[in-house]
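# Sequence first, predicted model second:
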Amino acid sequence: CSTFILLWILANIMLRLPLIFSFILLAGNAQAFVPASHSAVRHKVHLNSIEPAGKSPIDDFVEDIKMRLRIAQESNASGVSTKQTLADVIAGTYDSEAIEAKIDEDIASAPCVMFTWESSPSCKKAVEAFKTLNANVKIVRLDDPWSEGNPVRAALGKRVGRTSVPFVFIKGEYIGGFDGGIDDDACGMVDMAFKGTLRSKLGEAGAMKD
């Protein structure tokens with residue numbers, strides 16, 4: 001589990017290195033923009049004028065890494081799966097009560113609700129399957145924007161015991177994803193279709209088009 005988390009953190013470090021190096025170079029070469037005739041006091045004033053107010057990007061970066069490492073340790077200690085731990089780390093800190101309330105609101109907003117990533121192959125297949133069934137489905141995207149969707153995904157994972165997208169709910173009940181689930185009652189769309197229960201469940205929920 002720790003290997004996956006460290007790899008994710010290292011990837012984020014690599015993505016932010018250009019910003020960090022740019023800041024360091026800017027601070028280190030600031031004197032090159034000050035005429036030599038200026039006094040030491042003028043040098044100090046000029047250097048201070050380019051420094052950002054409050055914490056530097058490096059300080060924020062370090063704090064962010066510390067926060068995510070702490071979340072990884074806490075999630076791992078709680079005994080959740082590696083995927084759930086990674087989802088928690090990506091989500092970062094968030095208002096869990098507000099997120100849970102938003103999830104409840106979305107689930108209750110339509111007979112069939114699906115939480116998706118637009119680029120996910122499984123989500124695309126699920127969308128096409130519902131079209132073939134002629135079902136009415138409300139789609140809630142977790143990638144628009146990611147900053148809002150990542151906490152929802154982490155909270156949904158804790159709620160249903162699975163972090164994979166899509167999360168499909170029919171009449172408020174989690175039925176799994178497209179081709180997988182958590183048990184016989186929530187085995188996913190494909191298994192339910194083979195069993196002959198998906199269409200009937202959608203019909204009973206009032207999610208089928210006339």
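Thanks, I have it.
# got the CA coordinates for stretch 64-74 in PDB?
C-alpha atoms of stretch 64-74 as PDB (Å, rounded to 0.1, in the frame of the first residue of the first chain):
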ATOM      1  CA  ASP A  64       0.600  19.500   1.100                       C
ATOM      2  CA  ILE A  65       2.900  16.500   1.000                       C
ATOM      3  CA  LYS A  66       2.900  16.300   4.800                       C
ATOM      4  CA  MET A  67      -0.900  16.400   4.800                       C
ATOM      5  CA  ARG A  68      -1.200  13.600   2.200                       C
ATOM      6  CA  LEU A  69       1.300  11.400   4.000                       C
ATOM      7  CA  ARG A  70      -0.700  11.800   7.200                       C
ATOM      8  CA  ILE A  71      -3.900  10.900   5.400                       C
ATOM      9  CA  ALA A  72      -2.200   7.800   3.900                       C
ATOM     10  CA  GLN A  73      -1.000   6.700   7.300                       C
ATOM     11  CA  GLU A  74      -4.500   7.200   8.900                       C
END
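# That stretch: which residues count as buried?
Arg68, Ile71, Ala72 (16 or more other C-beta atoms under 10 Å). (C-beta placed from N, C-alpha, C; glycine too.)
# Please work out the average pLDDT along that stretch.
Averaging pLDDT along stretch 64-74 gives 90.
# if we can go back for a sec, quick check, nearest of the buried residues of stretch 64-74 to Arg159?
Arg159 has its nearest neighbour among the buried residues of stretch 64-74 in Ile71, at 17.6 Å by C-beta to C-beta.
# Cross-check the contact I'm expecting between the closest one and Ala87.
No. Taking C-beta atoms under 8 Å as the definition, Ile71 is not a contact partner of Ala87, at 10.2 Å.
# Next secondary structure after the helix-or-strand element of the chain with minimal mean pLDDT?
Lowest on mean pLDDT, DSSP states H and E among the helices and strands of the chain sits helix 40-50, with a mean of 45. Per DSSP states H and E, the first helix or strand lying C-terminal to helix 40-50 is helix 57-77.
# That next one packs against which elements?
helix 2-28, helix 82-91 (3 or more C-beta pairs under 8 Å, 6 or more residues apart in numbering; DSSP states H and E).
# Check those helices for me: which has the lowest mean pLDDT.
Across those, helix 2-28 gives the lowest mean pLDDT, at a mean of 54.
# okay but Ala193 is in contact with Phe130, surely?
No. Taking contacts as C-beta under 8 Å, Ala193 lies outside contact range of Phe130: 10.9 Å.
# Quick check, pLDDT for the residue positioned nearest the centre of the chain.
Nearest to the geometric centre of the chain sits Asn150, at 1.9 Å (C-alpha atoms, centre = their mean). At Asn150, the model reports a pLDDT of 97.
# was I right about it contacting Leu142?
Yes. With contact defined as C-beta under 8 Å, Asn150 reaches Leu142; the gap is 7.3 Å.
# that older thread, of Ala193 and Phe130, which one has the most company?
Between Ala193 and Phe130, counted using other C-beta atoms under 10 Å, the more crowded position is Phe130 (20 against 14).
# which residues sit in contact with that one?
Cys112, Met114, Val137 (C-beta atoms under 8 Å, 6 or more residues apart in numbering).
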